[in-house]
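Visitor: predicted model and sequence below, questions to follow.
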Amino acid sequence: MAERNIIVEKSKNFALRIIKLYKYLVSEKREYVISKQLLRCGTSIGANVKEAIRGQSKADFYAKMNIALKEASETEYWLELIYESEYIEKKHFQSIYYDCQEILKILMAITKTQNS
């Protein structure tokens, strides 16, 4: 059985939540621009984490994790915009925003070890 990897699991589950939010924004709110940006960066986090795990070197690993961190930060921004422009309710925002914050903290801890 493969070893459990928290950031891989959390980033994949987060991507699935982002996809559901995207579907909601497009079908229910008819919002196409911001939601597309959110979909792109929110799903990119996990893709870059997965690439990092299979990295060819330590430098490659950290490069991909840094990209994942940047994508998570961008996702945080788009989530704030979607909430502040009143496309989603506070309770839905807080839940997904909390998940994004958690991923950011993990990625910051991982990338911080690069210089250690």
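Guide: Right, received. Where do you want to start?
Visitor: run a quick neighbour tally on Asn20.
Guide: Residue 20: Lys, not Asn. 11 (other C-beta atoms under 10 Å). The C-beta positions use only the backbone N, C-alpha and C, and glycine is treated the same way.
Visitor: contacting residues for the closest residue to Ser85 other than its chain neighbours?
Guide: Distance criterion C-beta to C-beta, 6 or more residues apart in numbering; nearest residue to Ser85, sequence neighbours excluded, is Ile34 at 7.5 Å. By C-beta atoms under 8 Å, 6 or more residues apart in numbering, Ile34 lies in contact with 25, 78, 81-82, 85, 87.
Visitor: nearest to Ala109, of the residues you listed?
Guide: Closest approach between the contacts of Ile34 and Ala109, by C-beta to C-beta: Trp78, at 22.9 Å.
Visitor: packing partners of the helix or strand that that closest one is a member of?
Guide: Per DSSP states H and E, Trp78 falls inside helix 58-84. Counting contacts by 3 or more C-beta pairs under 8 Å, 6 or more residues apart in numbering; DSSP states H and E, helix 58-84 packs against helix 6-27, helix 33-53, helix 90-112.
Visitor: what angle sits between it and helix 33-53?
Guide: 160 degrees (axes from the mean of the first three to the mean of the last three C-alpha atoms, to 10 degrees).
Visitor: pLDDT on helix 58-84, on average?
Guide: Per-region confidence: helix 58-84 scores 97 on mean pLDDT.
Visitor: then stretch 5-19?
Guide: 98.
Visitor: just the C-alpha atoms of that stretch, please, in CSV.
Guide: The C-alpha coordinates for stretch 5-19 follow below in CSV (Å, rounded to 0.1, in the frame of the first residue of the first chain):
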residue,chain,number,x,y,z
ASN,A,5,0.7,11.9,1.6
ILE,A,6,-1.3,14.7,3.2
ILE,A,7,-0.6,17.4,0.7
VAL,A,8,-1.4,15.1,-2.3
GLU,A,9,-4.7,14.1,-0.6
LYS,A,10,-5.7,17.6,0.4
SER,A,11,-4.8,19.3,-2.9
LYS,A,12,-6.8,16.6,-4.8
ASN,A,13,-9.8,16.9,-2.6
PHE,A,14,-9.5,20.7,-2.8
ALA,A,15,-9.5,20.5,-6.6
LEU,A,16,-12.7,18.5,-6.6
ARG,A,17,-14.3,21.1,-4.4
ILE,A,18,-13.1,23.8,-6.8
ILE,A,19,-14.6,21.9,-9.8
